[in-house]
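Participant: Quick one, fold the following:
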Amino acid sequence: MADHDLKGFTREEFTHDGTTHEVLRHGSGPAVIVMAEIPGITPKVLAFAERVAALGCTAVLPVLFGRPGRDPHPDAHGRLAGFAYAASSLASVCVSREFTVLATGRSSPAVAWLRALAAHEHGRCGGPGVGAVGMCFTGGFALAMATDDRLLAPVLSQPSLPVPWTRRQAGGIDISAEELAVVRDRCERDGLRVLGLRFRGDRFVPGDRFAYLRRELGEGFVAVELDPRHANPQGVLPPHSVLTEHLVDRPGEPTRAALDQVLDHLRSRLLPAA
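Facilitator: Numbering: from 1, shown residues only. Next up is the predicted model:
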């Protein structure tokens, strides 16, 4: 793929509590907050957002890091430039006070801003509530956002924080105990369902993390765990990005089935009358 020119997406800013980020929007209908993975809002993240819009939803993409539309694949700008771009995005996340990269039992400060964005978009777009899809470093954000009753369809795609360097980090996720208790109560009381996706063997998303979510959320956590053999072999890195870089977009492919399950989750929760 080449860089995306962002045609079809509007660009504006949203400010909450003194923090401002650019936001891309596409479509109409109930809002779905789509939070990109490292290195940023790539053409494949935008392609996923276009599918969300095709459901009859508004895809809302906060620009938390990286340059929107830039293709990180070596074929687009060369291997060295691609590596430098990814390293720059990763470094900005690691030093930013908005992200909690290593700590367990704590949500990133960015979650408060994202909850405010979701509330704003719900008021703007209407519908029964809001969806949220987090990927990689932002994967767990969708879980922490679900403390707000307006968040009806959380999706955690390859949630990678905290970085699993220790057993404790591998067996947890970036949410506080108090917030997790609220989400657990919503699962038990309201039938909230949290959808999680990962490739087995992904060292950034260990199996212990999903086992922890099963214990804590019970039937409220729906895990989709894929064999790495079914990942797109054209991906630059080992199997990791279920909905984007390692998606094999053909009917019958397990990753396509996972994508369809995510879209069905959003549709059933946000467009119940459709």
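Participant: could you list every residue that touches the nearest residue to Pro239 once chain neighbours are set aside?
Facilitator: What sits nearest to Pro239 in space, not counting adjacent residues and going by CB to CB, 6 or more residues apart in numbering, is Ala231, at 3.5 Å. No exception for glycine: its C-beta is placed from N, CA and C like everyone else's. Contacts for Ala231 were tallied using CB atoms under 8 Å, 6 or more residues apart in numbering; they are 199, 239, 246, 248, 255.
Participant: Assign Ala223 to helix, strand or coil.
Facilitator: Local secondary structure at Ala223 is given as strand here, using DSSP: H, G, I helix; E, B strand; the rest coil.
Participant: Give the bridge partners for it, please.
Facilitator: The residues listed as beta-bridge partners of Ala223 by DSSP bridges are Gly196.
Participant: Burial check on the residue nearest to Val224 when sequence neighbours are not counted, number of neighbours?
Facilitator: Excluding its sequence neighbours, the residue lying closest to Val224 (CB to CB, 6+ apart) is Leu197, at 4.6 Å. Using other CB atoms under 10 Å, the number of residues around Leu197 comes to 27.
Participant: Can we start the residue count at 56 from this point?
Facilitator: Got it, the first residue is 56 from now on, which makes the last one we talked about Leu252.
Participant: residue contacts, Leu252?
Facilitator: Contact analysis of Leu252 by CB under 8 Å, 6+ apart lists 210-213, 278-281, 297-298, 313, 317.
Participant: Can you tell me the SS state at Gly186?
Facilitator: Going by three-state DSSP, the state assigned to Gly186 is strand.
Participant: What is the burial count for it?
Facilitator: Here the neighbour count serves as a burial measure; for Gly186 (other CB under 10 Å) it reads 30.
Participant: Can you tell me the closest non-neighbouring residue to Phe265?
Facilitator: Leaving out its chain neighbours, the residue that sits closest to Phe265 by CB to CB, 6+ apart is Ala278, at 5.1 Å.
Participant: Pick out the most distant pair among the contacts of Ala286.
Facilitator: Pairwise distances across the contacts of Ala286 peak at 12.2 Å for Phe254 and Val303 (criterion: CB to CB).
Participant: the more surrounded of these two?
Facilitator: Legend: neighbour count by other CB under 10 Å for Phe254 and Val303, higher for Phe254 (25 against 16).
Participant: I'd say that one and Val297 touch.
Facilitator: Yes. Counting by CB atoms under 8 Å, Val297 is a contact partner of Phe254 at 6.8 Å.
Participant: could you pull out the strands for the stretch 56-205 of the chain?
Facilitator: Here the stretch 56-205 of the chain has its strands, by DSSP state E, counting those that start in this stretch, at 65-71, 74-82, 86-90, 113-117, 185-190.
Participant: residues of the second one that come out buried?
Facilitator: Residues of strand 74-82 classed as buried under the neighbour-count rule (16 or more other CB atoms under 10 Å) are 76, 78-82.
Participant: Helices of the stretch 56-205 of the chain, start to end?
Facilitator: Per DSSP state H, counting those that start in this stretch, the stretch 56-205 of the chain has helices spanning 98-110, 129-132, 134-150, 165-180, 196-200. These are given in chain order.
Participant: hey, which of those helices is tucked in deepest?
Facilitator: Counting by mean count of other CB atoms under 10 Å, helix 196-200 has the highest mean neighbour count of the helices of the stretch 56-205 of the chain, with a mean of 29.
Participant: Could you export it as PDB, keeping only the C-alpha atoms?
Facilitator: In PDB, the C-alpha atoms belonging to helix 196-200 read as follows (Å, rounded to 0.1, in the frame of the first residue of the first chain):
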ATOM      1  CA  PHE A 196      -7.900   1.600  26.700                       C
ATOM      2  CA  ALA A 197     -11.100   0.200  25.300                       C
ATOM      3  CA  LEU A 198     -11.500  -1.900  28.600                       C
ATOM      4  CA  ALA A 199     -10.800   1.100  30.900                       C
ATOM      5  CA  MET A 200     -13.200   3.200  28.800                       C
END
